[in-house]
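**Student:** Build me a model:
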Amino acid sequence: MYENDKRRYEYRDIAVSLALLTRLPIPLKRDSFTRGARAAWAYPLVGVVISFILATLSGFLLWLGLESGAVALVILATSVVLTGAMHEDGLADCADGFWGGWEKDRRLEIMKDSQIGSYGVIALVLSLAARWWALSLLLDQGAYAALIAVPVVSRAAMPVVMAALPHARATGLSHAQGRPDATVAASAAGIGFVIAVLMLGWSAFSVAILAALTIAAVIAIARAKIGGQTGDVLGATQQLVEVVLLISLFG
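**Tutor:** Below you'll find the model as predicted:
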C-alpha cells in the first residue's frame, strides 16, 4: 500500500497528523494520507499545536480574572473538543475490553462496541479528575512550559507503541495507517524529548523516564490482553502518559 513512497519525512506529514489526531479543519488532498504510518514522526508536533492553543487560552482567561480551577476546566474541555475525545474514547474502550472480557476475541469485540461500560466510566472519571487537579496546580504555579511539554511527549509515545506491537485486528484506524518502522518511532520520541528539554530543562530527563515506563506498561498489558495494538490502545497510551506526567510534575 505504501511501498512506492520511500521518503522518510515530508512537510505535509504535519498536516496529515493534525487531520488524524484533531478535529481542526485541515485542507488536504486525498492522496496525502497514502503515507500512512510514515507520517507518525509528526505526532508530537500535533501536541505543539494543541498546547499552544491551550496555553494561549489559559493566559487570556487568567488575565480576565478567572480562578485557576475554572480555567483548568475550560482547558480540559477545549482539549477534548480539539481532539474529538478520540484519546479519551480509546482509554474507556481499553478499560472496558481489557477487564471486561476473558479472551482476546471477546475483548476486541467489547472495545469495538460504541457503548461504554463500568470500567470505561471509572477510567474516564479518574483520568479527567487527575488532569483537572494537575492542571489547576500548573496554572497556580505559572508552569506554562509544562503545559506545552506534556501534550507533546504524550503524543510522541504513540508511534513507539505502534512500532513495538503488531496490529491486534485486521481493521480499524490504526491498521489503516499501517505500522511505522523503528526510525519513525525514534524520530517521534526524539522530537518529543528535544521539546521537553527546551521547555523543562533537566526535568525533561525524569519526564522521559516516566514516559518510557508508562509506555512499557501499556505495551506489556496490551500484548497480554489482545496480542497487539489498536487505535484504542494508542489513545489510551496518550492519556496515561499525560496523566502520569502531570501528576509527577505537580503532585
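
**Student:** And the helices in the stretch 51-200 of the chain?
**Tutor:** Secondary structure of the stretch 51-200 of the chain (DSSP state H, counting those that start in this stretch): helices at 68-83, 86-100, 104-112, 118-141, 144-164, 173-177, 182-200.

**Student:** got the angle between the fifth one and helix 118-141?
**Tutor:** For helix 144-164 and helix 118-141, the angle between their directions (axes from the mean of the first three to the mean of the last three C-alpha atoms, to 10 degrees) works out to 150 degrees.

**Student:** Give the rounded mean pLDDT of helix 144-164.
**Tutor:** The pLDDT scores in helix 144-164 average 95.

**Student:** do the longest one as well
**Tutor:** Rounded to a whole number, the mean pLDDT of helix 118-141 is 94.

**Student:** Quick one: list the elements packing against that helix.
**Tutor:** helix 68-83, helix 86-100, helix 144-164, helix 231-250 (3 or more C-beta pairs under 8 Å, 6 or more residues apart in numbering; DSSP states H and E). C-beta coordinates here come from the backbone N, C-alpha and C atoms, glycine included.

**Student:** Dump these into CSV; add mean neighbour count and distance to residue 51 as well.
**Tutor:** As requested, the helices and strands packed on helix 118-141 are arranged in CSV below (neighbours: other C-beta atoms under 10 Å; distance: least, C-beta to C-beta, whole Å):
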stretch, mean neighbour count, distance to residue 51
helix 68-83, 17, 9
helix 86-100, 23, 14
helix 144-164, 25, 4
helix 231-250, 24, 11
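
**Student:** Roughly how far does the residue nearest to residue 119 when sequence neighbours are not counted sit from residue 247?
**Tutor:** Leaving aside its chain neighbours, residue 119 sits nearest to residue 95 (4.1 Å; criterion: C-beta to C-beta, 6 or more residues apart in numbering). Residue 95 sits 18 Å away from residue 247, going by C-beta to C-beta, to the nearest Å.

**Student:** returning to that earlier point: can you say which of the helices and strands packed on helix 118-141 is nearest to residue 221?
**Tutor:** helix 86-100 (6.7 Å; C-beta to C-beta).

**Student:** Appreciated, that's everything.
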